[in-house]
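Colleague: Mind folding the following:
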Amino acid sequence: MAAGRKVMASNAGLAAAALVALLVVAAASGAAGKLCGINPSSLANECRSYCRWGSTDSAPSGQCCAALKGAQFSCLCQYKAALPSDIDPKRAMEIPSKCDAGAPTSCK
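Modeller: Coordinates of the predicted model:
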């Protein structure tokens, strides 16, 4: 049972990292509209502070969590390799659980 939770947490982390990668890339390119159920520019603006290396934020902001609402984590999995170097993957992986946003069942 614990192994199942560990795999699920790992998959959630991959999707969270993908989410942050997507939001940072989208913000840098000025992307507008929705992708994987979210507005990447809005998510980048609201969540980046929490995810950056050295951040002392204790939790993602309410605005970050609101921007995450409706995310399709299985869609975000395809972006998991694009995490920028200024983003702390551990903090990125905490976003879905800290925002009570659910988690994907797998990232393939």
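Colleague: Grab the nearest non-local neighbour of residue 61.
Modeller: residue 46 (6.1 Å; CB to CB, 6 or more residues apart in numbering). To be clear about C-beta, it is placed using only N, CA and C from the backbone, and glycine gets the same treatment.
Colleague: Quick one: the helices in this structure, in order.
Modeller: Using DSSP state H, the helices of the chain run over 2-29, 40-51, 62-68, 73-76, 89-98.
Colleague: If I average pLDDT within each of these, which one is lowest?
Modeller: Lowest mean pLDDT within those: helix 2-29, a mean of 54.
Colleague: list the contacts for the closest residue in space to residue 66 that isn't next to it in sequence?
Modeller: Computed as CB to CB, 6+ apart, the closest residue to residue 66 that is not its neighbour in sequence is residue 46, at 7.4 Å. By CB atoms under 8 Å, 6 or more residues apart in numbering, residue 46 lies in contact with 60-61, 63-64, 66-67.
Colleague: Weed out the non-buried ones from these.
Modeller: 60, 64, 67 (16 or more other CB atoms under 10 Å).
Colleague: Throw the residues you listed into CSV and include distance to residue 82, thanks.
Modeller: Listed next are the buried ones among the contacts of residue 46 as CSV, based on distance: CB to CB, whole Å:
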residue, distance to residue 82
60, 20
64, 19
67, 18
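Colleague: Between these, which sits nearest residue 100?
Modeller: The shortest approach to residue 100 among these belongs to residue 60, at 10.7 Å (CB to CB).
Colleague: my guess is the closest one contacts residue 97, does it?
Modeller: No: Residue 60 lies out of contact with residue 97 (CB atoms under 8 Å); the separation is 10.2 Å.
Colleague: Do I have it right that residue 64 meets residue 42?
Modeller: No: using CB under 8 Å, residue 64 is not in contact with residue 42; the gap is 9.4 Å.
Colleague: In stretch 44-52, which residues are buried?
Modeller: For stretch 44-52, burial by neighbour count (16+ other CB under 10 Å) applies to 44, 46-48, 50-52.
Colleague: This completes my enquiry, with thanks.
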